[in-house]
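Asker: Okay, sequence plus prediction incoming.
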Amino acid sequence: MAKLCQIIAIISSRKSTVQKEVTELHHKAAKEALLTGISRTYTPKDESGEKQPPENKSVQLKAMDAVQSASRAWTSLFDVVATQDFANCQAKADVKVGDLPLVKDCPVTHLLFLEKQLQDIHTFIEKLPTLDPAQNWVYDENKGCFRTEPVEQLRTQKVQEPLVLYHATKEHPAQTQVVSKDVVAGTWTTTHFSGAIPADRKLEMLERVVKVQEAVKFAREQANQIDVQDKSIGKEIFDFILGPKRAG
């Protein structure tokens, strides 16, 4: 069993490490280019048609992967600070959302810490990119992200053709003129990819964060006042925030 002084000694560096990691993830998730991908292939109209190389760009970052990485960092911080805070005081209260207990016997000092962290979580999720509503998205199990249905677009090219202005007669030769004409050369097939999340999923996570925030504030009001015992509370909180989408 760890000593309280040992826990205190590592908290400062843990906070700094987690803050740096979450900030980096936050900045990456704000870069739309990392969350978007595309696949374009070209099919000539016939075998003699001009060839075009395919275009591919993979999704480099998925919003929910960033959330999961940030949640793991936050969880490690929550747990070590909880170990200190639970040992520092005896004032305790349960953090409950409805009848669901998320944290039992939580000290008032840690409730104050959670209030600040939950605000950061709210900001992090609030800034997550959402899918472009102008597109129809489906989840691609193989890619692990969302994609659009393939859209075909014709590609044309100009060809030169003679145009007869006057037909030949006994007295005069035919008069012609070369004109340009657009003809179908092939077809582009385009599929867009995105690591963003649906807007309703983002809204639901934000609503869940608010419920935890309200529960923490209520628990702090009720809290009153330990030997050091390792605590693990982060998993329960993020299991709720990142839990499966509820029906209805």
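Answerer: That came through fine.
Asker: Quick check, central residue of the chain?
Answerer: residue 63 (1.4 Å; CA atoms, centre = their mean).
Asker: hang on, it packs against residue 199?
Answerer: No - between residue 63 and residue 199 there is no contact under CB atoms under 8 Å: 11.8 Å. All C-beta atoms are positioned from the backbone trio N, CA, C, and that covers glycine.
Asker: Now for the two: what residues contact both?
Answerer: Overlap of the contact sets of residue 63 and residue 199 (by CB atoms under 8 Å, 6 or more residues apart in numbering) is empty.
Asker: The host helix or strand of residue 183 - what's its average pLDDT?
Answerer: Residue 183 is part of strand 175-194 when elements are defined by DSSP states H and E. Averaging pLDDT along strand 175-194 yields 89.
Asker: Tell me the buried residues in it?
Answerer: By 16 or more other CB atoms under 10 Å, the buried positions in strand 175-194 come out as 185, 186, 188, 191, 192, 193, 194.
Asker: give me the low-pLDDT residue ranges for the protein?
Answerer: Scanning the chain for pLDDT under 70 picks out the ranges 1, 4-5, 89-91, 223-229, 247-248.
Asker: Helices of that one, start to end?
Answerer: All helices of the chain, identified by DSSP state H, fall at 4-29, 32-35, 63-88, 108-126, 199-222, 234-241.
Asker: What are the buried residues along the second one?
Answerer: Under the neighbour-count criterion of 16+ other CB under 10 Å, helix 32-35 has 34, 35 buried.
Asker: Stretch 107-124 too?
Answerer: Buried residues in stretch 107-124, defined by neighbour count with 16+ other CB under 10 Å: 107, 108, 109, 110, 111, 113, 114, 117, 118, 121, 122, 124.
Asker: same check, this time on stretch 73-85
Answerer: For stretch 73-85, the neighbour count (16+ other CB under 10 Å) marks 73-85 as buried.
Asker: Using CSV, list the CA coordinates for that stretch.
Answerer: C-alpha atoms of stretch 73-85 as CSV (Å, rounded to 0.1, in the frame of the first residue of the first chain):
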residue,chain,number,x,y,z
ALA,A,73,-5.1,9.9,-19.9
TRP,A,74,-7.8,11.6,-17.8
THR,A,75,-8.6,8.2,-16.1
SER,A,76,-4.9,7.8,-15.0
LEU,A,77,-5.0,11.3,-13.5
PHE,A,78,-8.4,10.9,-11.9
ASP,A,79,-7.3,7.8,-10.2
VAL,A,80,-4.0,9.1,-8.7
VAL,A,81,-5.7,12.4,-7.5
ALA,A,82,-8.5,10.4,-6.1
THR,A,83,-6.1,8.3,-4.0
GLN,A,84,-4.7,11.5,-2.5
ASP,A,85,-8.0,13.3,-2.0
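Asker: Residues in a beta bridge with the residue nearest to residue 165 when sequence neighbours are not counted, which ones?
Answerer: Distances taken as CB to CB, 6 or more residues apart in numbering put residue 175 closest to residue 165, at 4.4 Å, once the chain neighbours are dropped. In this structure, residue 175 bridges to residue 166 when assessed by DSSP bridges.
Asker: Looking at the buried residues of stretch 73-85, which one is closest to residue 238?
Answerer: residue 75 (6.1 Å; CB to CB).
Asker: quick one, what contacts the closest residue to that closest one other than its chain neighbours?
Answerer: Leaving aside its chain neighbours, residue 75 sits nearest to residue 234 (2.9 Å; criterion: CB to CB, 6+ apart). The neighbourhood of residue 234, defined by CB under 8 Å, 6+ apart, consists of 71, 74, 75, 76, 77, 78, 79.
Asker: I appreciate the help and will end here.
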